[in-house]
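>>> Sequence first, then the predicted structure:
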Amino acid sequence: MNTIDPRNFQSISEASVSVEIETEDMTLNIGPQHPSTHGVLRLVAKVDGEKVYNVEPVLGYMHRGYEKLAEVRTYPQITTLVNRIDWVAGFSNEIPFIAGTERLMEIEAPERAKQIRLILTEMARICSHFVFNGAYALEVGALTPIFYAMEDRERVLDLIESVTGGRFHPNFNRIGGVKPAAGSGPTTKKNIQDLPVGFYRDTKLAMEKVIEAADKFQNLIGGNEVFHKRTKNVGVLSKETAEAYGVSGPILRASGVKSDLRTQTDYLPYEKFEFEIPIGQNGDCYDRWDVRTREMVESAKIVLQAIDDMPSGPLQAKVPKVIKVPAGRTYVRAENPKGEMGYYIVSEGGLGPYRLKVRTASFSNVSILPVMLEGALLPDLIAIMGSLDFVLGDVDR
Amino acid sequence: MTDVLIKVGFVALAALNGAVIFTIMDVKGASWMQRRPGPLHVGLRGFIFPLAEILKFVQKEDIIPTDVDRPVFKWAPAYVVVSAVSLFAVVPLSPTLVVVDLELGVFFALAISSLSTIGVLTAGWSSANKYSLMGGLRAAGQLIAYELPLILAVVGVVIQAETMSLVGIVEKQIEWGVPFAFSGQIVAFLIFMIAATAEMMRVPFDMPIGESELTMGFMTEYSGIRFLIFYISEYMSMFVLCAVASTLFLGGYHLPFIPTEWVNIYGPISLITKTLILGFILVAVRWSFPRFREDQLQNLAWKFLIPASLLNILITAVLKVVL
Amino acid sequence: MEDFLNQLKEDFNDVSYEFETILIKVNVENWISTHEILRDKFDLKFFSWLSAIDWDNEVSVGDKPKEVVNPSFEIMSCLSSVNSSNLVTISTFISKLNPSISTLVNVFVGANWHEREAYEMFGITFEGHPNLTKLYLPDGYEGNPMLKSFELISREVKPWPGDVDVEGMPEGFDEENS
């Protein structure tokens, strides 16, 4: 049982040496404390030397029970909770929940509020992809890009902070709109400031820097021979497998599926803007990296278009003081940086939801790990795991 | 007796100082490339950083886990540091400023440099940690694979110089007028540098340490002063191997257009400058490349570097006979 | 969207469209076949999620259902298409006494972890599941946290203050000086 199948050893089979030594499999415990598991994921890997036979992910080290907690909170309180699901792009988590609540209450947020949401959620996407770019380079052994990534991300985070007052957990959305911005000076009843002074100018500069940075990464990381060797044809994921497992977002697109909820659904007014949906051909680690890096540029372009064409008007629709959501159920999904995030809200007409199902992208994305890692080499395990770009808060909820 | 002690002290101090200089260079190079303010500006423009680093490790507790093979675990760093330090004994700073000018200097250097394998392997084996074990085995595989191209690359130089003494090799280069790296041994020089990088276990060949995969490889369980010894000896071997490379390929202590009577003064400066230039290349490579995979590294060694160095020997030998 | 809804109505009896979400209610016996039909005939190949809802009149925390309900588990799953914006949610009711339903793993492999989650959170058995073990909760954990009867210990220690989650000001606190 423990004999090695020589066909699986590429380098050895090339030299046509057959290995038939009886060796014992080693169980390697990767995580929950490990530099490359993005937090507290634990993989129990059966390895034979460098080769991985079987991987069993163990979850739950960061399970915070949001679905249960949501049942004992009111709707406005839940936005604070959902911020913490995927903390790398905190803002994006609020959007589908707020959109779902608005849909159940049959409130339409004003156009201007929607556009501010759109700008900030795209900025959150840029931040998330910056972190991915830096962290992924680190995982394949290049130490420098993370410093560039963090430096450039800071610029975008500063913008998010100037509007919302929070860098990671903005809690900025309100049912029926957004709250008045943080850095906008005194707010009076007549004069509600929404975006801080100089926001458009700073955003323009920052987005140009983002496009520049994405270009830099294409050269620094994507132009590196060793990086190609480590990522091309590694961890190939086919379209069909990805769909059956519910893998979404950039990973699905890297496998060649042109699926983007920003154009497929209408949770935010994306139809007003022109942007491309980058897709990959092979579905390997390189494509996943490439799709995300190209997405950064597209997001920056969306933001640039959005600030050029800001509708004016109020930030809040008319909302009752005590928010009671009429009975009903709806599912709203959004294209988050990590993939499809959705909330299934079951309301019974109370102050809080009767049941809130949180569908997170990373949960489904990580569930594919055992399939992808079977037969991989240990360094590839890290490369594949990193290319899935998951956040443990998003996996465990 | 005093004579020997002075020489031993000189070698140890020189290697240690070299390691400190290289540490500063590595860290400052890193912060320069990564736009990090820390080691560039803090504390006398970052120059007392290594001191702080050393003090930090010295004051830390030297933890020895329960299940380790204690004597082996304790002594493993010694092999590594001894191998790095004693290598410096044969490197000439000038024709006379050399600890010992062995007839078989090259042979001695290569033999001593492979001693560190034992240290790394025992460190990995005795740590009672699966990551350490994998790191140790990776290191063993890597060091064996890269020992060969390293030696074979030097063979070309030895054929061209007709001697194995390091002083003799430098004298031969002075005789030629052009260092070997630019007179026929360019391929050998490149192979030597690649193999030496692998020997030092630096990026892109740092799989035995492989932070993101094996946490810290064979060093995972080490802490405090023993970790410091591993850390310093990495820079020592970097310094010493660069010194050997500049001696073999770049004319060592020699500088052209300067009267050779002054060689005892400019010799050390010249050698150290050349060493630093080579070291800087390694630093630049380290901070810009990702890491290879273990099988790709073996493929590179066995399928490319070894045939290339054999071919180099063949061509050198043929030319030697013909010319 | 209209076309898609009409097509669905041809194949299924109970199709509703509320709040921009299609809900297909099926019997437990048709649970697997429904998914197969949706996957093969309607090109809904993307398995989004699977979960359950605990319908109960006795609720330890949170709001009660609006009307008196028949205590039962509602199993929900969601399928969508990557090529269009089509999305359906499928629901079926099972008894609370011996909650079990056949597994979807043979239709959509991605259901594996979702079913394990529902198993530990609600105590629902998925028959034929290859590895029905706990996913999040530690070994030896007793109880199914997502059941409405499961008490939140923190709420026992400190009661839920209602819709305004703020503590009262400490005594002697002067608002003007703050």
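Nice, I can see it.
>>> all contacts plus neighbour counts: C-alpha atoms, from now on.
Fine.
>>> Can you verify my assumption that B:Pro92 contacts B:Gly105?
No. In this structure B:Pro92 lies outside contact range of B:Gly105 using C-alpha atoms under 8 Å: 10.1 Å.
>>> which neighbours do these two share?
Residues touching both B:Pro92 and B:Gly105 (C-alpha atoms under 8 Å, 6 or more residues apart in numbering or on different chains) are B:Leu166.
>>> Where does the prediction get shaky in the stretch 51-200 of chain A?
Along the stretch 51-200 of chain A, segments meeting pLDDT under 70 span A:181-193.
>>> Smallest distance to chain C belongs to which residue of it?
Nearest to chain C, among the residues of the stretch 51-200 of chain A, is A:Gly60, at 3.9 Å (C-alpha to the nearest C-alpha).
>>> residue contacts, that residue?
Contacts for A:Gly60 (C-alpha under 8 Å, 6+ apart) come out as A:Asp396, C:Leu135, C:Tyr136, C:Leu137, C:Pro138.
>>> at 10 Å what do you get?
A:40-42, A:392-393, A:395-397, C:134-138 (C-alpha atoms under 10 Å, 6 or more residues apart in numbering or on different chains).
>>> Write a PyMOL command that selects only the buried members of these.
Entered in PyMOL, the line below selects the buried ones among those, by 16 or more other C-alpha atoms under 10 Å in any protein chain shown:
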select buried, (chain A and resi 40+41+42+392+393+395+396+397) or (chain C and resi 134+135+136+137)
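>>> Out of the contacts of A:Gly60, name the ones that lie in strands.
A:Arg42 (DSSP state E).
>>> and the least confident of the contacts of A:Gly60?
Looking at the contacts of A:Gly60 by pLDDT, the weakest one is A:Arg397, with 80.
>>> Contacts only, for that residue.
So A:Arg397 contacts A:60, A:62-67, A:82, A:84-86, A:358-360, A:362-363, A:391, C:136 (C-alpha under 10 Å, 6+ apart).
>>> C:Asn57 too?
C:Asp63, C:Lys64, C:Pro65, C:Lys66, C:Glu67, C:Val68, C:Val69, C:Asn70, C:Pro71, C:Lys148, C:Ser149.
>>> and whichever residue of chain B sits closest to chain A, which of the three is it?
Proximity of chain B to chain A (C-alpha to the nearest C-alpha) peaks at B:Pro290, 3.9 Å away. Put simply, B:Pro290 is coil when judged by DSSP: H, G, I helix; E, B strand; the rest coil.
>>> do the same with C:Asp54
Under three-state DSSP, the three-state class of C:Asp54 is strand.
>>> Which residue is the nearest non-sequential neighbour of the residue nearest the centre of chain C?
For chain C, the residue nearest the mean C-alpha position is C:Ala52 (2.8 Å; C-alpha atoms, centre = their mean). Nearest residue to C:Ala52, sequence neighbours excluded (C-alpha to C-alpha, 6 or more residues apart in numbering or on different chains): C:Ile75, at 4.3 Å.
>>> hang on, the one you found is in a helix, isn't it?
No. Counting by three-state DSSP, C:Ile75 is not part of a helix but strand.
>>> neighbours of it, just the number please.
20 (other C-alpha atoms under 10 Å in any protein chain shown).
>>> Quick check: it touching C:Lys96?
No. With contacts counted by C-alpha atoms under 10 Å, C:Ile75 stays clear of C:Lys96, the gap being 11.6 Å.
>>> Please enumerate the shared neighbours of those two.
C:Asp54, C:Ile124.
>>> on that earlier part again, the residue of the stretch 51-200 of chain A closest to chain C: what secondary structure?
What three-state DSSP gives for A:Gly60 is coil.
>>> Next, find the distance separating it from A:Met372.
With distances taken as C-alpha to C-alpha, to the nearest Å, A:Gly60 is found 21 Å from A:Met372.
>>> Enumerate the residues of the stretch 101-250 of chain B near chain A.
B:129-131, B:134, B:137-138, B:203-207, B:210-216 (C-alpha under 10 Å from any C-alpha of the partner chain).
>>> Among those residues, name the ones in helices.
B:Lys130, B:Tyr131, B:Met134, B:Leu137, B:Arg138, B:Glu211, B:Ser212, B:Glu213, B:Leu214 (DSSP state H).
>>> Spit out the contact partners of the fifth one.
This means B:Arg138. A:49-50, B:120-121, B:124, B:132, B:206-210, B:217-218, B:294.
>>> Please tell me how far it sits from B:Val120.
Counting by C-alpha to C-alpha - B:Arg138 and B:Val120 are separated by 10 Å.
>>> Show me where the stretch 101-250 of chain A has its helices.
A:111-139, A:145-164, A:199-220, A:225-231, A:239-245, A:250-254 (DSSP state H, counting those that start in this stretch).
>>> And the pLDDT for the residue most central in space within chain A?
Taking C-alpha atoms, centre = their mean, the centroid of chain A lies closest to A:Lys338, which sits 2.5 Å from it. On pLDDT, A:Lys338 comes in at 89.
>>> need the contact list for it.
For A:Lys338, counting by C-alpha under 10 Å, 6+ apart, the contacting residues are A:86, A:88-89, A:125, A:128-129, A:247-251, A:292, A:360-362, A:365, A:388-391, A:394.
>>> Correct me if wrong: B:Leu97 contacts B:Val11.
No. With contacts counted by C-alpha under 10 Å, B:Leu97 stays clear of B:Val11, the gap being 11.6 Å.
>>> so what sits against both of these two?
B:Val91.
>>> And those two? Which one has more around it.
Counted by other C-alpha under 10 Å, B:Leu97 and B:Val11 do not tie: B:Val11 has more neighbours, with 21 against 15.
>>> Please state the offset of the worst-scoring helix or strand of chain B on mean pLDDT from the chain centre?
When each helix and strand of chain B is scored by mean pLDDT, DSSP states H and E, helix B:38-45 comes last, with a mean of 75. Relative to its chain's centre, helix B:38-45 lies at 27 Å (C-alpha atoms, centre = their mean, to the nearest Å).
>>> List the buried residues in it.
Quick answer for helix B:38-45 (16+ other C-alpha under 10 Å): B:Pro39, B:Leu40.
>>> just checking, next helix/strand downstream of that helix?
helix B:49-59 (DSSP states H and E).
>>> Can you name the residues in contact with that following helix?
By C-alpha under 10 Å, 6+ apart, helix B:49-59 touches B:19-24, B:27-28, B:38-40, B:42-43, B:223-229, B:231-232.
>>> By neighbours, which of the contacts of C:Asn57 wins?
Ranked by neighbour count (other C-alpha under 10 Å), the contacts of C:Asn57 have C:Lys148 at the top, with 25 neighbours.
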